[in-house]
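Q: coords please:
(chains A and B)
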Amino acid sequence: MVSVVRPALVLLGLFTVLCGLAYPAAVTGIAQAVFPKQANGSLIEADGRVLGSSLIGQPFADPAYFWSRPSGTGPFPNNAKASSGTNLGPTNPALHDAVKARIEALRAADPENDAPIPVDLVTASASGLDPHISPAAAAYQAERVARARGLDPEAVRALVREHTTAPLLGILGEPTVHVLELNLALDRLAPERARARAL
Amino acid sequence: MTAHSIITIVVYLAVLTLLAIPLGAYMARVYEGNAGTASRVFGPVERLFYRIAGVREDEEMTWKTYALACLAFNFFGALAVYGIQRLQTVLPLNPDGMGEIAPELAFNTASSFTSNTNWQAYGGETTLSYFTQMAALTVQNFVSAATGMAVLVALIRAFTRKEATGLGNFWVDLTRSTLYILIPLSAVLALLLVSQGVVQTFSPATTASLLQATADADGNAVLEQGLAMGPAASQIAIKQLGTNGGGFFNVNSSHPFENPNAASNFMELLSILIISAGLCFTFGKMVKDKRQGWAIYAAMLAIFIPLLVVCNWSEQAGNPILTQLGADQVASTLHAGGNMEGKEVRFGIADSTLWATATTAASNGSVNSMHDSYTPLGGLVPMWLMPLGEIIFGGVGSGLYGMLIYVVVAVFIAGLMVGRTPEYLGKKIEAKEMKMASLGILLPAATVLVMTAIACLGEWGTASPPLANPGAHGFSEILYAYSSMGNNNGSAFAGLTASGSFYATSGGIAMLIARYWVIIPALAIAGSLAKKKIVPASPGTLPTHTPLFVGLLCGTIVLVGALTFIPALALGPIVEHLQMMGH
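A: Coordinates of the predicted model:
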């Protein structure tokens, strides 16, 4: 019995130092030296201010912006200090009510558009922080955004294409549109509009 | 299935197999003490560890000593995890000021991480300090995986030895698994993940201004977004490779800081199965018959692929109720379509369902989508893969020793059919092996079903919360929880609030039973097999590398799994499927 206690305790201690302290410290050191931007959250910065992370979605409700996917985090959407999905099951009436309300809000912001609404725009993401929407969800919103900003719809669609990423090597993952970067680009395209809203 | 899904799966399985074969060969060399160049790098550290710990490298252990060493090591590991959590408020590296952790929750997390389950009853970024994540959880991510690999290697040696009592040395197998296999793979993977955007820092959470202000639940304006950070990549690498699965953040690998894009997703997906798949080839090499390793690998794929197809098909078909409400779920070049509730756009249906199937086939339990929001049949796949015993790839080490227990049963059934004493690799399978194999299969299964039943008996299990969904889906949450904890998986129908004392305590016990009541029978079988002679193959011997045997093995697994769990599944996902279709 005693013969197993010493190796058990000593090896646990040694592995705690090696795997629990040395390994994460070494990875952090190399990561901070070689990939400082990625290791610190891929932040989008301008004029010394942090505008967001290029990996974390933000909520939008203004018709002049592209809307992100619904978020299940509390107490406010896209809370990146408490990631969470909704965990609503497919037959839960709470899910159906939420989807119905989101569809109504999208229709109300864009009454002339009777195209079917891409599913990712009315369902909450897994993390509650999804930075992307599908190209279909961006196409659905492009006319509305153009109208709200008094822009040519084709110019908005071109901007969407610019912020669309194709699957990796054409095969892995899905095509995505980055909502925050797209909206930042919209504000740069029509700064008058951005200033008006900020006031 | 969409063409995109088929291509994703084919590419994934091809790359997995191509990487698993050389890794398997390397691991065999490590366990045979013949690691070549790697010994020059890690050998000095290895010998230093033995010297400090008083381990004699060539000392052979009987199965009982091996089991005792394994249990002692895990017992002290659990104590350490418990203690660090309880003391985190006074320990260093707590920049975001995480508070006290309740005893039940600390117990649950301690059994969870020492048993290689990594069930998350806590939310990482809201509960645990950086020190707890590193010194308690990351350490167990390594050594619980190494424990599983050590037990497997002892069992493999039993097949190769003649009339022997020794199975190798637990300390040596543990140390080599960690130093030669887990640490180098994790370090490389961690840095690759950082290059894609996974965070790795000791700085506290940072703050960004929102482009458009929003409001919280009480109507107060919210102008800023806090961004939780931490040394995530180093932990994620090992949680994927060691089939641990406990995420740095609450939502695990669906969090963009944990899994930012298609490239990181592909690497993390490969890491879920790579070691377990490789160990099949290690097995073939160590028993000096590579065909035996291929046969087991083929049996795993033969169960994995059809279940993956069901999961993918069901999620791609989507939720008909949402179609009635006006959502477009038909896949096109512009979107993945399907049931996107609880999934990320960058992963869509193909990567989400591949992950869900792989993580529950292996005992990994990390997620990149929320299984609780899956369609009923999509959710049934992980819910059935787990209670099969985590043997389709399974946990590192534990998957293959669990599978070998099923091989013993399959060989026994075949022996009964032809009226001969069953043999596997020249070892006669007799009453003692069968008793132990039955225990190893039945105890975890009984734990799942009995604990689910107890949870259903009263308010402690069925109120809301802990349950988040009504009706049949609520029952699925309970069944999923015990299937997961009772087989050391760790994924969840995460709507269930698992941090309350009933689920935390009962689940903690389930995880311990599931882990150690398979390890002990597996080592007992090893002890018994090692003592036997190796009978030369005769014309009457059932060859165990043929498609016929692969079929027999799959049949045994599916039959046992179906008979044990289909009645319970009928009450959850199957009822819910009928409700959804009839809505």
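Q: nearest spatial neighbour of residue 171, chain-adjacent residues omitted?
A: Since no chain was named, I'll use chain A. Closest residue to residue A:171 apart from its sequence neighbours, by CB to CB, 6 or more residues apart in numbering or on different chains: residue B:7 at 5.3 Å. Bear in mind the C-beta positions are built from the backbone N, C-alpha and C, glycine included.
Q: not quite, go with chain B.
A: Leaving out its chain neighbours, the residue that sits closest to residue B:171 by CB to CB, 6+ apart is residue B:55, at 4.4 Å.
Q: pLDDT at that neighbour, what is it?
A: Per-residue pLDDT puts residue B:55 at 94.
Q: just residue B:104 next, same as before
A: The model's pLDDT for residue B:104 equals 89.
Q: touching, it and residue B:504? I think so.
A: Yes - counting by CB atoms under 8 Å, residue B:104 does reach residue B:504; the two are 4.1 Å apart.
Q: of these two, who's got more company?
A: Set residue B:104 next to residue B:504 and count neighbours by other CB atoms under 10 Å in any protein chain shown: residue B:504 wins out with 24 against 19.
Q: which of the helices or strands spans that one?
A: Residue B:504 is part of helix B:501-530, with elements assigned from DSSP states H and E.
Q: please point out which parts of the following helix or strand past that helix sit buried.
A: Following helix B:501-530 in sequence order, the next helix or strand is helix B:547-569 (DSSP H and E). Neighbour-count burial for helix B:547-569 flags B:549-550, B:552-554, B:556-557, B:560-561, B:564-565, B:568-569 (criterion: 16 or more other CB atoms under 10 Å in any protein chain shown).
Q: now those as TSV including pLDDT?
A: Formatted as TSV, the buried residues of helix B:547-569 follow (pLDDT from 0 to 100):
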residue	pLDDT
B:549	94
B:550	96
B:552	95
B:553	96
B:554	97
B:556	95
B:557	95
B:560	90
B:561	87
B:564	90
B:565	92
B:568	93
B:569	94
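Q: state the pair within the residues you listed that is farthest apart.
A: B:549 and B:568 (29.8 Å; CB to CB).
Q: remind me, longest strand of chain B?
A: For chain B, the strand that runs over the most residues, judged by DSSP state E, is strand B:206-215.
Q: list the strands paired with that one, with their directions.
A: Strand B:206-215 has the following strand partners under DSSP bridges: strand B:221-227 (antiparallel).
Q: hmm, the helix or strand following the partner strand in reach of chain A?
A: Where DSSP H and E defines the elements, the next helix or strand beyond strand B:221-227 is helix B:232-241. Yes - using CB under 8 Å from any CB of the partner chain, we find that helix B:232-241 touches chain A at B:233-235, B:238.
Q: likewise stretch B:522-531?
A: No - against chain A, stretch B:522-531 shows no contacts by CB under 8 Å from any CB, the least distance being 14.0 Å.
Q: the residue nearest to residue B:171: how many residues sit nearby?
A: When counting by other CB under 10 Å, one arrives at 22 neighbours for residue B:55.
Q: before we move on, what about the one 4 residues further on?
A: Burial of residue B:59, expressed as a neighbour count using other CB under 10 Å, amounts to 13.
Q: fine by me, thanks again.
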